[in-house]
Every structure is written in structure tokens, then in C-alpha cells.
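Chemist: sharing a model prediction with you, sequence too.
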Amino acid sequence: QVHLGESGGGLVQAGGSLRLACAASGRTFRNNAMAWFRQAPGKEREFVAMVREGGNRTYADAVQGRFTIFTDNAKNTLYLQMNKLKPEDTAVYYCASNSRPWIVPGTGVNSYDIWGQGTQVTVSS
């Protein structure tokens, strides 16, 4: 079984930066996409960014130009570099992976079948 574990969250002032990491462990890890989602209190989980097999990336409009998603395949780790953070970026951030080759990954939560436990990001004004 594959496990995803996020790290790197914390408290930061508006305008600051954080880098989140998501390490995969367990049996042989195969996926055709990985993504970051976030969920603020009282809101639904929302898409942040994804990277497809082959390297194609998609970002939510709210983070385009500020966040960068990238992977280190040698370490089986997914990253999210977050710059110019805003108070509205405050949320629990989750990494996710799709291990089902028959699924075409997208920006919906149903595109992913493996999830991490989340890491809190708080941006103060």
C-alpha cells in the first residue's frame, strides 16, 4: 500500500513563502498524476495544482504565477513552492495521487485515489 505524507506547513506572514513536500512510501509507486488540494474551514476541498505523467502542469487561477508544483522522482517526492502568500491561502493542504491508469486525471477530487493526511498553512495579514 502506498502512503503519502505532507510536511512543510506552518505560519507565515502575507507576502512570504513556504515549500510543501509530499513523500510517497510503501510498495512500488506508480501514478499518472499528482496534485495538491486545499481545504479552508467551512469550505469544500479545492484544486490547487497538478502535474501529469510527462510533466504537464495545471494551476488554479487563484495561485497561477505564485505557486509552482514539481517533483523529485528519485526521492518519490512532490513539492509545492508557494510564494507571495495571501491570507486567503490559509487552509489545510493535501497531496494526492492517481494510481488508476484508466482514469484521465483532472482537477476534481475524484481523479485521485490516494491522499495524504494534510498539513496546515496559515498566512497572517
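Modeler: Okay, I see it.

Chemist: just give the nearest non-adjacent residue to the most centrally placed residue in the chain, would you?
Modeler: What sits nearest the mean C-alpha location of the chain, by C-alpha atoms, centre = their mean, is residue 36, with 1.9 Å. Closest residue in space to residue 36, ignoring its immediate chain neighbours: residue 48 at 4.3 Å, by C-beta to C-beta, 6 or more residues apart in numbering. In short, each C-beta sits where N, CA and C put it, glycine included.

Chemist: wait, the one you found sits on residue 61?
Modeler: No. Residue 48 is not in contact with residue 61 according to C-beta atoms under 8 Å; the separation is 10.8 Å.

Chemist: pick out whichever of these two has more residues nearby.
Modeler: Of the pair residue 48 and residue 61, residue 48 is the one with more neighbours under other C-beta atoms under 10 Å, namely 25 against 6.

Chemist: what residues are up against the more buried one?
Modeler: With contact set as C-beta atoms under 8 Å, 6 or more residues apart in numbering, residue 48 has these partners: 35, 36, 37, 38, 59, 60, 63, 67, 80, 93.

Chemist: isn't the fourth one up against residue 60?
Modeler: No. In this structure, residue 38 is not within contact of residue 60 by C-beta under 8 Å, at 9.1 Å.
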